[in-house]
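Asks: Build me a model:
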Amino acid sequence: MSIEVTNLQKWYGANQALNDISFSIKKGEIVGFLGPNGAGKTTTMKILTCLMPPTEGSATVCGLDVRKSPIGIQRLIGYLPENNPLYGDMFVQEYLNFVSQIYQIPDRQQRIADIIQQTGLVSHAHKLIKELSKGYRQRVGLAQALIHDPQVLILDEPTTGLDPNQIQEIREIIRRQGKTILLSTHIMQEVEAMCDRVIIIHQGKIIADNTTEELKRKVHAQERIIVEFDRPITPDEMNTNKIFQEVDMIQGNRLSLRSKDQEDPRIHLFDFAVSNKLRILEMYKEHNSLEDVFRELTHA
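Replies: Presented below is the predicted three-dimensional model:
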């Protein structure tokens, strides 16, 4: 396993941030690490990167223990923290040269040139970091995380605050690496697009660990039906018999419905259409999204 966490606990005084969590990540696997603010994500990442010790339990990265071999682990991981601390008064190439010296990388100039190419920084290599946009600062953060060719990447909110184009570009850079990746993010589309598996942590406990498709199948949230009639119908008219749990207007003659039980709501929709002399122009199921799953599992 690239990452192995067993019965991990972390206390800050009387406050327990991590409550006996366990999980493992195989070599080459990309895992989304999700949870509300304050759930314990960043604490877990800081323990795995040897920036803080656990209170109890164990964690290993590539077989090395976080308590016994912090320097060895830090040589094997690339870490991009949420706030992406950079030296703004350094030029991009100068900064990467500085980082490469810390890691004692042989043939530094070639490696720097390669990583600048990989992360799309060629046209910005001779600019001051403080003059870069947030998207390009994120690229510099990724470049420093990748400069020493780590076996494991730990990324904390790598695309926060970026526009859709920047998100796509950063996502492609991450995907191309072919490394074991633990990715913390609040962007559910990013998880669905990139991750093999999802771990959800809430109030310091692991509450889900599965593929996105399995999570969406198992969660209790009912699927919605989207229906369009040939004339307007209000939610109150639609739910005269209180058959549906929720009826919402979308736009025009379109409604979104969620049934109260497991019975297929399309049966009631056909009956309603016939009795009210309506034509159904369109009807389809809207499957649970990962966002639905997240909200249901972490709802207080």
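
Asks: C-alpha only now, for contacts and for neighbours.
Replies: Will do.

Asks: Quick check: G13 vs S22, distance?
Replies: In this view, G13 and S22 are 22 Å apart by CA to CA, to the nearest Å.

Asks: Where does pLDDT dip in the stretch 151-300 of the chain?
Replies: The stretch 151-300 of the chain contains residues with pLDDT under 70 at 218-223, 241, 260-263, 287, 300.

Asks: one step back: quick one, which of G13 and S22 is more surrounded?
Replies: Neighbours were counted for G13 and for S22 using other CA atoms under 10 Å; S22 has more, 16 against 7.

Asks: mind checking the SS state of the more buried one?
Replies: State at S22, reduced to three classes by DSSP: H, G, I helix; E, B strand; the rest coil: strand.

Asks: who's in contact with it?
Replies: Contacts here follow CA atoms under 8 Å, 6 or more residues apart in numbering; on that basis S22 touches E4, V5, T6, N7, L8, I206.

Asks: Where does the record place the domain boundaries for this structure?
Replies: Per the record, the chain has its domains at 3-218, 224-298, by automatic domain parsing.

Asks: Can you give me the end-to-end span of the last one?
Replies: Between the start and the finish of domain 224-298 there is a gap of 20 Å, counting by CA to CA.

Asks: quick one, phi/psi of the spatially most central residue of the chain?
Replies: Central residue of the chain (CA atoms, centre = their mean): T185, 3.4 Å from the mean position. Per-residue torsions, T185: phi -160, psi 160 (degrees, to the nearest 10).

Asks: how near is the residue lying closest to it once chain neighbours are set aside to R254?
Replies: In space, and not counting its chain neighbours, T185 is closest to E157: 4.6 Å by CA to CA, 6 or more residues apart in numbering. According to CA to CA, E157 stands 36 Å off from R254.

Asks: ok, of the contacts of S22, which come out buried?
Replies: Neighbour counting by 16 or more other CA atoms under 10 Å classes E4, V5, L8, I206 among these as buried.

Asks: Which members of the residues you listed occur in helices, if any?
Replies: Of these, none are assigned to helices by DSSP state H.

Asks: Let's see which of those residues end up in strands.
Replies: Counted as lying in strands by DSSP state E, out of the buried ones among the contacts of S22, are E4, V5, L8, I206.

Asks: What is the nearest of these to S289?
Replies: Proximity of these to S289 was ranked by CA to CA; the top entry is I206 with 19.9 Å.

Asks: Show me what that closest one bridges to in the sheet.
Replies: For I206, the beta-bridge partners are I201 (DSSP bridges).

Asks: I figured it was touching I21, is that so?
Replies: Yes. Counting by CA atoms under 8 Å, I206 does reach I21; the two are 6.0 Å apart.

Asks: Beyond the helix or strand containing E214, next helix or strand please.
Replies: Using DSSP states H and E, E214 falls within helix 212-218. Under the assignment DSSP H and E, the closest C-terminal helix or strand after helix 212-218 is strand 224-229.

Asks: wait, what's in contact with the residue nearest to T185?
Replies: P81, E82, L183, S184, T185, H186.

Asks: now do 6 Å
Replies: By CA atoms under 6 Å, 6 or more residues apart in numbering, E157 lies in contact with E82, S184, T185.

Asks: tell me the pLDDT at the first one?
Replies: In the prediction, the pLDDT value recorded for E82 is 87.

Asks: count of residues packed around it?
Replies: Residues near E82, counting by other CA under 10 Å, number 16.

Asks: Touching, it and T159? I think so.
Replies: No. Taking contacts as CA atoms under 6 Å, E82 lies outside contact range of T159: 9.1 Å.

Asks: The stretch 1-150 of the chain: strands as residue ranges?
Replies: Taking DSSP state E, counting those that start in this stretch, the strands of the stretch 1-150 of the chain run over residues 3-12, 15-25, 30-34, 56-61, 64-65, 77-80.

Asks: For the first one, which outside residues touch it?
Replies: Counting by CA under 6 Å, 6+ apart, strand 3-12 makes contact with 16-25, 54-61, all of which sit outside it.
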